[in-house]
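Student: here are the coordinates; sequence isn't available:
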C-alpha cells in the first residue's frame, strides 16, 4: 500500500498534446493555402510562406503568380481563420469555465446580438461599401455593438442584482440579447433591402480584403489570449464554485470580470471581422474536454490551436465545395461539427460535462 | 462576566478529552482581567464577539460569542435554521458580518484572502465535485493560497499534497476522478484539500491551522462517520489543528468535541462540556424534542423518544 513507483503528476498540458495541436494548425494552414480554384503543390506553398521571413529565399517551384495567390490572396484569409477560430474556441472554453455551465458560448453575454445590431445599422445606413461581402464600416459598427452588448449585460447583471452570481449575469445577458435582437429586427424591417447583406454577416464569412481584417482583430485577440491563458489554473479553481474558490484565497468576482472582459473583447473582434460563425465556441472546447482532459490547463491552449485549425478547414470546404460560389462558413462549421461532436460524445470514456 | 479559558492542549492521544473544563464562551473582553492561570499560548485560535450576520436582508445571527482555544475541538449544535453553517461561514470569512472575529488574535478583516486561506480551511456540507477532476488535482487546489497569482504548483506543493494523501490513505486513489469515489473516500478527499491548504513545510512554529467542518458526517453511514471523525481527531493531535464543526447527531457531537455550543435562532443559548449541554431539559427547550440522555463511555448519549402513540389504520368499510 506504499506508493507505487508511478509518480504523482498534476494534470498539465502534455508535450504530445501540444505538438498535436501545433501540427493541426500547420496542416490546416498548408491545406488552406494550397487548395482552391487553383490547387498548388503543398510543399511549394509551405516554402513560399517560409520565404516571407526576412532574408529567406528558397526556390519553391511556384510561379510568381502562384506565389502571389498564396501570400496575397490566401494567406490573409487563412491567418484570419486561425485568429477567429482560436478566439471563438478559447472564449467559449473560458465562458464555460467562468459560468460552470457547459452550454454557454461566447455569444451569450450580448456579444452576438450587439454585433448583429451594429452590423445591421451600418448596412442600413449604407456604410457597407461595395463588393460581395460586408465591408466598409460594418466591422467597426459590429465591434462597437458587441462591446455595447457585453457592457449592458455586465452592468445590468452586477448592478441590478443584490447578490452578484454567475446566474444573474447569464440571465442579464439573455435579456440584453433579446432586447438588442428586437432592435435589430426593427431596423431590418424598416430597411428590408438590407436583409440579404445582414444575413450574410450573420452566417459568417472569412472573406478578406488584404490584411485589413487581420490588423483589426489581431491586437484584441492577442490581448484576450494572453489574459485568458494566464488564468488557466484559476479557471480550474473556479470549478468548485464561488464560495469554495473564495475560501481557497481567490477573488472570484474580480477574476470573473477580468476573464469575461478579455474573452468578450476577443470575441467582439472576431465577430466584427468574420460575422457570427456558429458552433466553434461550444464544440471545440467540448471535444477537447472529452478527449484530452477536463483541466483548463489542457482545454484552453488546445482550444486555441484546434479552434484555429478547425475554422481554417471549415473555410476551405466553404469556398471549394460549391466553387465558384461560397457556402456560408457557419453552415460548414455546424454541418461538420455537429456529427463529429455526437460521435465523440458517444465514444468518449470520459464524462466530463 | 469572566471567561476562564482552558488553554492547555488536549492530550494528542486521539481520545477526546472527557474532562475538558472549558467554560461557556461568553467572551468577556479578553484583556482586562489577564489572569495568570493562562498557561501556554494565551491567544485563542478563534475569537468571535457579538457577531451578527444578515443574508439577503434576513438576520441570521443576532450577536454570537465564541472562543476556541488552539488545539480544541468545538462543535456547534442546534436545530435547523439556527445559524450553525452561517457562523462557520462567517469565521471562514465567506459572509459579511458585523462584530469581531479574530484568528490567532488577528482581526479577520485585516487578513488578506490568501493569508486567511492558509490559516483557516472550510469543508462545506456539500462540496462541489468538479466533473472529471482527479483526486490529486482536487487536493492540489488546496495549495491555491501558496501559488502566485498566475503561477503553477511547485515541487513543494506536490510533495505536501503527496504527504497529505498518504496520511489519509488516498494515494491509491490519487489518479481516480473524484466522482468515482465512495462517500467515505470522498469525505477524506475533501479533508485532504483542506489539510493541504494549511500545510507549511519547514515551518514548525506559528499558528496551527483552523479547520471548519460543516456537517462532515451527514452524508455517511455510521461506520464511515466514526472513521472520518476518528481521523479528524487523530489529525488534530498530529497536525495541531483547531477544529470547529457543526453536527446534527448529538451523541456523536458530544463524543468527539471538547466543548459544545448550542445555537438557537441565531443566538448562543448553551455552551460547555457535552455533559453540561446535552441535558434533557436543554434539548427539549431548544429542539422541541423529547429525548433520554444516558451516560456513555465518551460522553452523554442522546436517544430520541417517541411521544405520540402509534396511529392505527382505520378499518376498511
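Tutor: Looks like it arrived, so ask away. Bear in mind that the values here come from a model prediction, so they are computed numbers and not experimental data.
Student: Quick check: bridge partners of residue B:299?
Tutor: When assigned by DSSP bridges, residue B:299 has beta-bridge partners residue B:296.
Student: where in chain B is pLDDT low?
Tutor: B:1-42, B:202-207, B:316-317 (pLDDT under 70).
Student: what are the ranges of the helices in it?
Tutor: Secondary structure of chain B, counting by DSSP state H: helices at B:30-33, B:84-91, B:113-119, B:135-141, B:155-167, B:183-198, B:222-239, B:250-256, B:274-277, B:280-287.
Student: For chain A, find the nearest of those helices.
Tutor: Taking Cβ to the nearest Cβ, helix B:113-119 is the member of the helices of chain B nearest to chain A, at 3.3 Å. From N, CA and C alone the C-beta is placed, and that goes for glycine too.
Student: Contact partners for the residue in the stretch 101-250 of chain A that chain B sits nearest to?
Tutor: Going by Cβ to the nearest Cβ, chain B is nearest to residue A:249 of the stretch 101-250 of chain A, at 3.3 Å. Residues counted as contacts of residue A:249 (Cβ atoms under 8 Å, 6 or more residues apart in numbering or on different chains) are B:113-114, B:116-118, B:144-145.
Student: and residue A:179, what does it touch?
Tutor: residue A:113.
Student: quick one: secondary structure of it?
Tutor: Three-state secondary structure (criterion: DSSP: H, G, I helix; E, B strand; the rest coil) places residue A:179 in helix.
Student: Next one: it from residue B:83, what distance?
Tutor: Residue A:179 is 41 Å from residue B:83, where distance means Cβ to Cβ, to the nearest Å.
Student: Ok, residue B:294 next?
Tutor: Look at residue B:294 and residue B:83: by Cβ to Cβ, they are 29 Å apart.
Student: where are the low-confidence patches of the stretch 251-353 of chain A?
Tutor: A:347-353.
Student: Taking it, what residue is nearest to chain B?
Tutor: Nearest residue of the stretch 251-353 of chain A to chain B, counting by Cβ to the nearest Cβ: residue A:294, 3.3 Å away.
Student: I'd guess that residue is in a helix, am I close?
Tutor: No - secondary structure assignment (three-state DSSP) places residue A:294 in coil, not in a helix.
Student: returning to what we had before: tabulate the helices of chain B (JSON lines), appending distance to residue B:72.
Tutor: What follows is the helices of chain B, written out as JSON lines (distance: least, Cβ to Cβ, whole Å):
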{"stretch": "helix B:30-33", "distance to residue B:72": "16"}
{"stretch": "helix B:84-91", "distance to residue B:72": "14"}
{"stretch": "helix B:113-119", "distance to residue B:72": "16"}
{"stretch": "helix B:135-141", "distance to residue B:72": "26"}
{"stretch": "helix B:155-167", "distance to residue B:72": "21"}
{"stretch": "helix B:183-198", "distance to residue B:72": "16"}
{"stretch": "helix B:222-239", "distance to residue B:72": "9"}
{"stretch": "helix B:250-256", "distance to residue B:72": "12"}
{"stretch": "helix B:274-277", "distance to residue B:72": "13"}
{"stretch": "helix B:280-287", "distance to residue B:72": "21"}
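Student: and the nearest residue to residue B:86 once chain neighbours are set aside, how many residues sit next to it?
Tutor: Nearest residue to residue B:86 in three dimensions, chain neighbours excluded: residue B:60, at 4.7 Å (Cβ to Cβ, 6 or more residues apart in numbering or on different chains). Burial of residue B:60 is recorded as 22 neighbouring residues (other Cβ atoms under 10 Å in any protein chain shown).
Student: go on, the one 10 residues further on?
Tutor: Taking other Cβ under 10 Å as the neighbour definition, residue B:70 ends up with a count of 20.
Student: and the closest residue to it other than its chain neighbours, what does it touch?
Tutor: In space, and not counting its chain neighbours, residue B:70 is closest to residue B:45: 4.2 Å by Cβ to Cβ, 6+ apart. Neighbouring residues of residue B:45 by Cβ under 8 Å, 6+ apart: B:68-72, B:103-104, B:207-208, B:210, B:242.
Student: try 10 Å this time
Tutor: Neighbouring residues of residue B:45 by Cβ atoms under 10 Å, 6 or more residues apart in numbering or on different chains: B:7, B:67-72, B:74, B:102-105, B:119-120, B:207-210, B:240-244.
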